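K.L.:
A predicted structure for the sequence below; I have some questions about it.
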Amino acid sequence: MRAATAKRNDELWRRVAIAAPYLWLLVFFLAPFAIIFKISLADPVIAQPPFTPAFDDQGNFSATADNFAFLLTDKLYAVTYYRSVLMAAAATLLCLALGFPMAYGIARSNSSTRSLLLLLIVLPFWISFLLRVYAWMGLLNNYGVINNFFMWLGVIDQPMQLMYTDFAVFVGLAYSYLPFMILPLYASLERLDIDLVEAAQDLGASRTRSFWDITWPLARPGVIAGCLLVFIPAMGEYVIPYLLGGSESLLIGRVLFDEFFVNRDWPLASAVAIVLLLLLVVPIVLLQRYHARDQGSVA
Amino acid sequence: MKDFIRISGVSKHFGNFVAVDNVDLDIGKGELFSILGASGCGKTTLLRMLAGFEIPTSGTIEIDGVDITHQPPYDRPVNMMFQSYAIFPHMSVEKNVAYGLQKERVANKEIHRRVAEVLELVQLDQFGKRKPDQLSGGQRQRVALARALIKRPKVLLLDEPLAALDKKLRVRTQFELMNIQDELGITFVVVTHDQEEAMTLSSRIVVMDSGKFRQIGTPKEIYEFPANRFVAEFIGTINTFDGTVSQANEELIRVNSKEAGTTLTALGKQPVEVGQKVDVAIRPEKIFVSKEKPENTEDTEDTCIEGVVDDLGYLGNRSLYRIRLKSGKIVQVSSQNRRRSVTRFLEWEDKVWISWRPGSTAILLD
């Protein structure tokens, strides 16, 4: 009898445990998403809240695709999305190029140095993100550290315009998100058995060949996770372009902010957000499916 | 060809640690040679130097007359079977096995033919399409073997090839390995810590300790005529008695031993002098145990000592006895259970005689 109760209790807890993440997803993702989606189908009005309700006084349902249509007609949005994808992709590639050798080095170091190096990777998180971006302003300024250094060297006699350029945004993004690339890469490289690489070399593969045949494919889950962790937040990043970027170099995060808070056009801003989400979700789903097929053939 | 592999004066230092200490070794073509030793004795380092994963601090390694000391692993006519098997988890069995040939840019048709051939050799012809995680331990071991054999290396290195298999499979695989080696005539160099494995597999064995070679010889030589105390105690079980040489001539060595309480004899093969301190060693299975004093021991050079049964153990095919001598020395005896019986032949504290022939002992100098 008691065993049966215990079993029923187990079953209950199992359900609770499974339900918890779904509940989280429902409350903090699906519900806000539904609200945003609803707003994106409304018209802007000067009122509180600043959009038309889904059901008017007579209970008639009203929805409009005008906001999405507007995104298509005004070239500004397409250009901004495109620029954001390029910028995020470039930052992701730089993170991968810097992060892979770093993660590899950490994974191959002995255990005491390893924990020190990992600590150094996460150490910047102890300092406020804003402060760290401000620090880059100090570095990139016309009379900042970098320009002063090169002028002192005599390489240049006029300060280079580094601040308020796309380059500054690119560097800032790569700097800020580098740890998110390194950590998942480290996790998959650390699991990689060095015997496999040696076996490949034993069978006639050069060092380069064994890297592309063995290390790279086995590190791929880490590469994919790291790229997503960098690319997704970099796409919607607002603070870095705002502080380091030029006023004319618009990225989608900035547009989103302006539509919401400057123009108070919530419906259009919601439409911008939903298109951004689609831009992110579609490649992720494709990647996941590709990855699942890959895993499926492994299993 | 006696010196197909020639290791001369090879040392390997890791910082202050000397892993391999100035060793010389010649291995003949087609030999199945084992490097035997406890973990940390330097055997794996030696194997890795043969494979090219470590460069010797000093000394040279030649294979088939070519100095390969500084060749990278991918240029050597040598393949290795890793202890972990190191099977590429993202490739099918076929792809794993074909990998070596692909790196050699062998034509696809030829690769297909040779993969099929070698998979048949290791009895995995039905498993080519499988992924490594769908294989049992024994099957993985054979994939690793097939992958290392496909390039027809001059030398195959095997790092603890059977350690990960369970006992029954180990014995079967052992004989399979020997058959394959016999069939292909490839020189095998096996690293193992398992003396039984080394004994059954090998044509010759080197016993290694602290980076040095303690004895090189056939399994029989190493077991029956251990060169020193380390080898004698490392391989199997052995009883040793310390004593002083009282007589030494061409045929016979006599050793006065307080521990044995008598004069021990050994056939004169070792260069010893009267008065020299030596150990006389005898294997447990060479000792005969009886309740009565054996006859005629006075006339022959047989050794015969009185003792009592201190402990005994029944192992099915044989029994182990620990016999306590008057000096307090414990002697281990192993005897075959030839007759079937439910009653014990000996009991605790029984008075017994242990005896052996002079040819059964070995003299250990250090």
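P.N.:
The structure has been received and is ready for your questions.
K.L.:
For the longest helix belonging to chain B, give me every contacting residue.
P.N.:
Among all segments of chain B classified by DSSP state H, the helix with the greatest residue count is helix B:167-184. For helix B:167-184, contacts defined as C-beta atoms under 8 Å, 6 or more residues apart in numbering or on different chains pick out B:32, B:121-122, B:137-138, B:141, B:145, B:149, B:152, B:158, B:161-162, B:165, B:188, B:197, B:200-201. C-beta coordinates here come from the backbone N, C-alpha and C atoms, glycine included.
K.L.:
And those residues, which of them are buried?
P.N.:
Neighbour-count burial (16 or more other C-beta atoms under 10 Å in any protein chain shown) applied to these gives B:32, B:121-122, B:138, B:141, B:145, B:149, B:158, B:161-162, B:165, B:188, B:197, B:201.
K.L.:
what comes up buried for the longest helix of chain B?
P.N.:
B:170, B:173-174, B:176-178, B:180-181, B:184.
K.L.:
between those residues, which is closest to chain A?
P.N.:
Nearest to chain A among the buried residues of helix B:167-184: B:L184, at 17.3 Å, using C-beta to the nearest C-beta.
K.L.:
Kindly state the pLDDT recorded for that closest one?
P.N.:
On pLDDT, B:L184 comes in at 90.
K.L.:
distance of it from B:L32?
P.N.:
Distance of B:L184 to B:L32, given as C-beta to C-beta, to the nearest Å: 11 Å.
K.L.:
B:L264 reaches B:A362, doesn't it?
P.N.:
No - look at B:L264 against B:A362 with C-beta atoms under 8 Å: they stay out of range, at 11.1 Å.
K.L.:
shared neighbours of the two, which are they?
P.N.:
Shared contacts of B:L264 and B:A362 (C-beta under 8 Å, 6+ apart): B:V280.
K.L.:
Could you list the paired strands of the helix or strand just after the longest helix of chain B along with their orientation?
P.N.:
Using DSSP states H and E, the helix or strand that directly follows helix B:167-184 along the chain is strand B:187-192. Strand B:187-192 has these partner strands in its sheet, going by DSSP bridges: strand B:32-36 (parallel), strand B:155-159 (parallel).
K.L.:
Strand B:187-192 vs helix B:167-184, what angle?
P.N.:
Computed with axes from the mean of the first three to the mean of the last three C-alpha atoms, to 10 degrees, the direction of strand B:187-192 lies at 160 degrees from that of helix B:167-184.
K.L.:
Now do strand B:187-192: everything it contacts.
P.N.:
With contacts defined as C-beta under 8 Å, 6+ apart, strand B:187-192 is touched by B:4-5, B:27-36, B:43-44, B:46-47, B:50, B:154-163, B:177, B:181, B:197-198, B:201-202.
K.L.:
Mind checking which of those are buried?
P.N.:
B:4-5, B:27, B:31-36, B:43-44, B:46-47, B:50, B:154-162, B:177, B:181, B:197-198, B:201-202.
K.L.:
what stretches of the chain score poorly on pLDDT?
P.N.:
Defaulting to chain A. A:1-2, A:294-299 (pLDDT under 70).
K.L.:
try chain B instead
P.N.:
Low-confidence segments of chain B (pLDDT under 70): B:1, B:296-299.
K.L.:
ok, which stretches of chain A are helices?
P.N.:
Under DSSP H, chain A gives helices at A:2-25, A:31-40, A:66-73, A:75-108, A:111-122, A:129-140, A:145-153, A:166-191, A:194-202, A:207-210, A:216-236, A:239-244, A:252-257, A:266-298.
K.L.:
just so I know, which of these lies nearest chain B?
P.N.:
Of the helices of chain A, the one closest to chain B (C-beta to the nearest C-beta) turns out to be helix A:194-202, at 3.8 Å.
K.L.:
the inter-axis angle of that closest one versus strand B:155-159?
P.N.:
Using the same axes, to 10 degrees: helix A:194-202 against strand B:155-159 is 180 degrees.
K.L.:
Show me what helix A:194-202 is packed against.
P.N.:
With contacts defined as 3 or more C-beta pairs under 8 Å, 6 or more residues apart in numbering or on different chains; DSSP states H and E, helix A:194-202 has these neighbours: helix A:207-210, strand B:78-81.
K.L.:
Please name the strands paired to the last one in the sheet, noting orientation.
P.N.:
This points to strand B:78-81. Strand pairing (DSSP bridges) places strand B:78-81 next to strand B:155-159 (parallel).
K.L.:
Quickly name whichever of the buried ones among the contacts of helix B:167-184 is closest to chain A.
P.N.:
Nearest to chain A among the buried ones among the contacts of helix B:167-184, with distances taken as C-beta to the nearest C-beta, is B:L149, at 11.2 Å.
K.L.:
Might you report the residue contacts of that closest one?
P.N.:
B:79, B:118, B:121-122, B:156, B:180, B:184, B:186.
K.L.:
Any chance you could list what contacts stretch B:271-278?
P.N.:
With C-beta under 8 Å, 6+ apart as the criterion, stretch B:271-278 contacts B:242-248, B:253, B:255, B:363-365.
K.L.:
Greatest separation within the residues you listed: which pair is it?
P.N.:
B:Q247 and B:L364 (17.9 Å; C-beta to C-beta).
K.L.:
who has more neighbours, these two?
P.N.:
Using other C-beta atoms under 10 Å in any protein chain shown as the criterion, B:Q247 and B:L364 rank with B:L364 on top: 21 against 14.
K.L.:
Now that one: phi and psi?
P.N.:
Main-chain dihedrals, B:L364, degrees, to the nearest 10: phi -110, psi 130.
K.L.:
so what's it up against?
P.N.:
Residues in contact with B:L364 (C-beta under 8 Å, 6+ apart) are B:226, B:228-229, B:232, B:240, B:278-281.
K.L.:
same thing but at 7 Å, please
P.N.:
Contact partners of B:L364, counting by C-beta atoms under 7 Å, 6 or more residues apart in numbering or on different chains, are B:226, B:228-229, B:232, B:240, B:278-279, B:281.
K.L.:
May I have the beta-bridge partners of it?
P.N.:
With DSSP bridges as the rule, B:L364 is bridged to B:D279.
K.L.:
tell me which parts of chain B are close to chain A?
P.N.:
Counting by C-beta under 7 Å from any C-beta of the partner chain, the positions of chain B adjacent to chain A are B:51, B:53, B:73-74, B:79-80, B:82, B:84, B:86, B:88, B:90, B:99-100, B:103-104, B:131, B:147, B:151.
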